[in-house]
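Colleague: the sequence and its predicted three-dimensional model are supplied below.
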Amino acid sequence: MTTSEMHPNSHGIGSAWDRMVAKRRVYTLIGLAILIIALISSMRFADESNAGHFFERLPHLFDFLGWLIPKDWTDVWRALFDIASPNDKGGEEYNFAKGRIYVSGGFYMPEYFELMLTTINIAIVSTIVGFVFAVPLSFLAARNFSPSGPLRLVAKRIMEILRAFPEIVIAGLFAAVLSIGPVAAIIAVSLHTIGALGKLFYEVVENADMRPDDGLRAVGANWFERVRFAAVPQVLPNFASYALLRLEINVRASTIIGAVGGGGIGEELKLSISRGFGAKTVALVLLLFVTIIAVDQFSAWLRRKLVGEQAFLLQH
Amino acid sequence: MTLTMIHESRRHEIEERYPHYFKRSLRQRFGFPLILLGTLLYGLYAMWFFDLPRLVAEAQWQRFGIYLSQWISYDVQPELRIQGDGSIETRYPRFSVLGDDPHPDWIVANPQGGMTVLVNGTSRSVAVSRGQAVVTAFGQSITVDLSGANPRVVGQAPDWMTVYDDNVLANFGFSGDASISSDRVRVRKRFLGWANFVFDTHSPFFGKPAGEVISLIASGPRLDPAQSNLSLAWDNIWYNNAWQHGDVWTKLFQTIVMAFLGTLLGALVAFPLAFFAARNITPNRPLNQVLKRMFDFLRSVDMLIWALFLTRAFGPGPLAGSGAIFLTETGTLGKLYSEGLENIDDKPREGIKSTGASTALVHRYGVMPQIVPVMVSQTLYQWESNVRGATIIGAVGAGGIGLKLWEAMRTNSNWANVGYMVLLILLVVFLFDAASNALRHRLMGTNTASIRH
């Protein structure tokens, strides 16, 4: 049974449908072709401008495992906890005990734990600073709460620039002013966090239910009262959830910033890999890996308590 | 306000009716102040941990202004040498932005001998002659006696002048400064703008006004017999020594390619794996768990670690960067896709299954229409954020503009180039923001926000 037997009009509908499908198919094919060409040419471009080429280096891909796998696995634990190694013959590869940071008497903090703590503190401080500045900015930028149009545009532009500005430049600039170290990293990550959180926050505010605000307007509340009593109770769980997600991202970001001169565990990891210190590298990767998983799990648990299962759809 | 007055019994009634508003638990009442207190205490701890008071006290904030002003300005540093016979010779550092043997109109020979450098018109200038230098600035004229072994300020030195043993430094603010010794005066004159941004001093087009350059390119005689003026001009711009346009743009393109390759390949690998990882599509618990833990592993090892390892494996360059983004992105997108798949509506699948369709068809018509818009949106978001991320991992050697940016900054001397690259990066990020927003809107209609949240 063809469609035309069913209804006198259905032939026209059928052919229109066929034409629509054919047109869509052509568009899809063109899109796919462009994507494949772009993919292949960018692969070639990346391969040509790289120092080593893909196929010629591929057999050596796992060469680094040779130096990475320590000769003596207990050295990994020694590196982690700064216990003197019998392999230590001067030099930097096995000088684990040198990094000890004595707290009181014989009690010391292993160097890598101290570095990890620095990185985590960078992440926490910048998340807090970002949160504190992003909240007021987001209310200025949200369509439904902004006190004035021009102010809203200014707030949005500020957040966009903060989000897009390369973090290493801010870190480099402040490293020149404040001396190289974690504080420059904090400033860089914080500024980026203000922009990133501000954008997410103002989208949350714009999706808020406006009925409480109508009620508050009706009794003559001013802007601060409207924000405090109409918006904040609705949006705070989402704000907190986004801030926790940002904390996860910031732990990674502060590791990377550390690697380009911001201090913390990133710098040590970069040095250790570039010099080919197997035991130290394994210890650092292990510590970083466990910490990142722990922070992710903690934040996931807290987010689930704050906004329920929905927390896991909030992803960026 | 009389409206708010309520009768006593009515108040009790309201309190009875809404106990959760009037009799709140301890946590509800003190939770917020406690969190605030905790944050403040943590702030104090962090200040101690990072040694903030000392850092702020020792900070050199004036550098901040200097470096930022160098983003948008350049300086020329002529040196006036007082010869034994009293004549004055003007010298410029090698690679001066003015080219070889310049005669700028702001250095004038005085009729009675000596030379005057007009740092900012006549209001800020240094007049050098045998035995003395007269510095004019901020409405004062100060004479520095150069006849002795060390320069000596005649009268009281103003606060814009710093006197050292063998050297007197006059600070003119943004317009520059002058460093005066007994046998030479080094002046720094600052100009707003980017010097030689189009042609460097070696180019035959250097120093020519724009109109002349255009007419040369359009119809002038060949400056270089080997090639046309247009290709010569293009060559000169692309290989500009001071700005390295060619290198900067290639590196910028590398960064974009890294983000594109990494995200797209990550999406291509994550897409089929996500179907096996989603427990409603593939009801095989061990397989689901193995794949999900693998995604977590790829994500948690972190882009930096992947970048460092791959830089060792492939050598520095965009291949390492693309690989690092690809591995991280496979984890992130795999997680997002499989979560998206687990949240789909089962009814279309059941409907198609009930018609006796094969598994492939069930997926094609029951699952894909629901999930593809979500996946495309998430992939575009990741691409956008990877363009930013690729800048940073470039700095550890993984290719792209990151390393160039880092090198320009490390020497603290090339802030104008840093400004140029930052401007380009901002432009690219904004363009990608806009493009990915537009694409998302086109592909999914206006309800993008509801899918993301």
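Modeller: Noted; the coordinates are in hand.
Colleague: which regions of the stretch 1-150 of chain A lie under the pLDDT threshold?
Modeller: A:1-10 (pLDDT under 70).
Colleague: likewise chain B?
Modeller: Ranges of chain B meeting pLDDT under 70: B:1-4, B:444-453.
Colleague: outline the domain layout of it.
Modeller: Listed domain ranges for chain B are B:8-49, B:75-192, B:245-452 (source: automatic domain parsing).
Colleague: what would those domains look like in a markdown table with distance to A:Pro147 and mean neighbour count?
Modeller: All C-beta atoms are positioned from the backbone trio N, CA, C, and that covers glycine. Below are these laid out as a markdown table (distance: least, Cβ to Cβ, whole Å; neighbours: other Cβ atoms under 10 Å in any protein chain shown):
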| stretch | distance to A:Pro147 | mean neighbour count |
| --- | --- | --- |
| domain B:8-49 | 25 | 11 |
| domain B:75-192 | 36 | 16 |
| domain B:245-452 | 23 | 20 |
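Colleague: what's the closest of those to A:Ile256?
Modeller: For the domains of chain B, the distance to A:Ile256 is smallest for domain B:245-452, at 4.6 Å, taking Cβ to Cβ.
Colleague: run the chain-centre distance for that closest one.
Modeller: 21 Å (Cα atoms, centre = their mean, to the nearest Å).
Colleague: which of the domains of chain B sits closest to chain A?
Modeller: domain B:245-452 (3.1 Å; Cβ to the nearest Cβ).
Colleague: tell me which residue lies nearest the centroid of chain A.
Modeller: By Cα atoms, centre = their mean, chain A has its centre lying nearest to A:Ile249, at 2.9 Å.
Colleague: any idea how far B:Val376 is from B:Arg440?
Modeller: Relative to B:Arg440, B:Val376 is positioned 7 Å away (Cβ to Cβ, to the nearest Å).
Colleague: strands of chain A, residue ranges please.
Modeller: A:101-104, A:107-109 (DSSP state E).
Colleague: next, the buried residues of the longest one.
Modeller: Residues of strand A:101-104 classed as buried: none (neighbour count, 16 or more other Cβ atoms under 10 Å in any protein chain shown).
Colleague: thinking A:Gly250 is in contact with A:Ser126, fair?
Modeller: Residue A:250: Asn, not Gly. Yes. Using Cβ atoms under 8 Å, A:Asn250 is in contact with A:Ser126, at 5.6 Å.
Colleague: shared neighbours of these two, anything?
Modeller: Residues within reach of A:Asn250 and of A:Ser126 at once, by Cβ atoms under 8 Å, 6 or more residues apart in numbering or on different chains, are A:Val189, A:Thr193.
Colleague: does B:Gly114 touch B:Ser129 like I think?
Modeller: Yes. Look at B:Gly114 against B:Ser129 with Cβ under 8 Å: they come within range, at 2.8 Å.
Colleague: which neighbours do those two share?
Modeller: B:Ile88.
Colleague: ok so, going back, need the domains of chain B in a markdown table with distance to A:Phe139, can you?
Modeller: Shown next, in a markdown table, are the domains of chain B (distance: least, Cβ to Cβ, whole Å):
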| stretch | distance to A:Phe139 |
| --- | --- |
| domain B:8-49 | 18 |
| domain B:75-192 | 37 |
| domain B:245-452 | 18 |
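Colleague: helix, strand or coil for B:Gln382?
Modeller: Here B:Gln382 is recorded as helix under DSSP: H, G, I helix; E, B strand; the rest coil.
Colleague: nearest spatial neighbour of it, skipping sequence neighbours?
Modeller: B:Thr263 (5.5 Å; Cβ to Cβ, 6 or more residues apart in numbering or on different chains).
Colleague: residues touching that neighbour, list them.
Modeller: Counting by Cβ under 8 Å, 6+ apart, B:Thr263 has contacts B:Ile325, B:Glu329, B:Leu333, B:Thr379, B:Gln382, B:Trp383, B:Asn386.
Colleague: widest-spaced pair of the residues you listed?
Modeller: B:Ile325 and B:Thr379, at 12.6 Å, using Cβ to Cβ across the contacts of B:Thr263.
Colleague: still on that earlier bit, quick one, which of the strands of chain A is nearest to B:Lys208?
Modeller: Nearest to B:Lys208, of the strands of chain A and by Cβ to Cβ, is strand A:101-104 at 62.3 Å.
Colleague: using PDB, write out every CA atom in that closest one.
Modeller: The C-alpha coordinates for strand A:101-104 follow below in PDB (Å, rounded to 0.1, in the frame of the first residue of the first chain):
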ATOM      1  CA  ILE A 101      59.800  20.200  56.400                       C
ATOM      2  CA  TYR A 102      60.100  19.900  60.200                       C
ATOM      3  CA  VAL A 103      57.100  21.100  62.100                       C
ATOM      4  CA  SER A 104      58.300  20.400  65.700                       C
END
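Colleague: show me where the stretch 1-150 of chain B has helices.
Modeller: Counting by DSSP state H, counting those that start in this stretch, the stretch 1-150 of chain B has helices at residues B:8-17, B:19-22, B:26-49, B:52-58, B:61-71.
Colleague: check the stretch 301-450 of chain B too.
Modeller: With DSSP H, counting those that start in this stretch as the criterion, the stretch 301-450 of chain B has helices spanning B:303-314, B:318-342, B:347-354, B:359-362, B:368-393, B:401-410, B:415-444, B:448-452.
Colleague: can you spell out which helices and strands pack onto the third one?
Modeller: With contacts taken as 3 or more Cβ pairs under 8 Å, 6 or more residues apart in numbering or on different chains; DSSP states H and E, helix B:347-354 sits against helix B:359-362.
Colleague: list the helices and strands the helix it packs on packs on?
Modeller: Under the contact rule (3+ Cβ pairs under 8 Å, 6+ apart), helix B:359-362 is packed against helix B:347-354.
Colleague: so which residues on the stretch 151-300 of chain B come close to chain A?
Modeller: B:Thr250, B:Phe253, B:Gln254, B:Val257, B:Met258, B:Phe260, B:Leu261, B:Leu264, B:Leu265, B:Asp296, B:Ser300 (Cβ under 8 Å from any Cβ of the partner chain).
Colleague: residues in contact with stretch A:32-49?
Modeller: Under Cβ under 8 Å, 6+ apart, the answer for stretch A:32-49 is A:53-54, B:250, B:253-254, B:257-258, B:260-261, B:264-265, B:317-319, B:322, B:399.
Colleague: alpha carbons of that stretch, in PDB - could you do that?
Modeller: The C-alpha trace of stretch A:32-49 is given here as PDB (Å, rounded to 0.1, in the frame of the first residue of the first chain):
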ATOM      1  CA  LEU A  32      30.300  15.600   7.600                       C
ATOM      2  CA  ALA A  33      32.500  16.000   4.600                       C
ATOM      3  CA  ILE A  34      33.700  19.400   5.900                       C
ATOM      4  CA  LEU A  35      34.300  17.900   9.400                       C
ATOM      5  CA  ILE A  36      36.300  15.000   8.000                       C
ATOM      6  CA  ILE A  37      38.400  17.300   5.800                       C
ATOM      7  CA  ALA A  38      39.000  19.600   8.700                       C
ATOM      8  CA  LEU A  39      39.900  16.600  10.900                       C
ATOM      9  CA  ILE A  40      42.400  15.100   8.400                       C
ATOM     10  CA  SER A  41      44.000  18.400   7.600                       C
ATOM     11  CA  SER A  42      44.400  19.400  11.200                       C
ATOM     12  CA  MET A  43      45.900  16.000  12.000                       C
ATOM     13  CA  ARG A  44      48.500  16.600   9.200                       C
ATOM     14  CA  PHE A  45      49.100  20.100  10.400                       C
ATOM     15  CA  ALA A  46      49.600  19.000  14.000                       C
ATOM     16  CA  ASP A  47      51.900  16.200  12.900                       C
ATOM     17  CA  GLU A  48      54.000  18.400  10.600                       C
ATOM     18  CA  SER A  49      54.600  21.200  13.100                       C
END
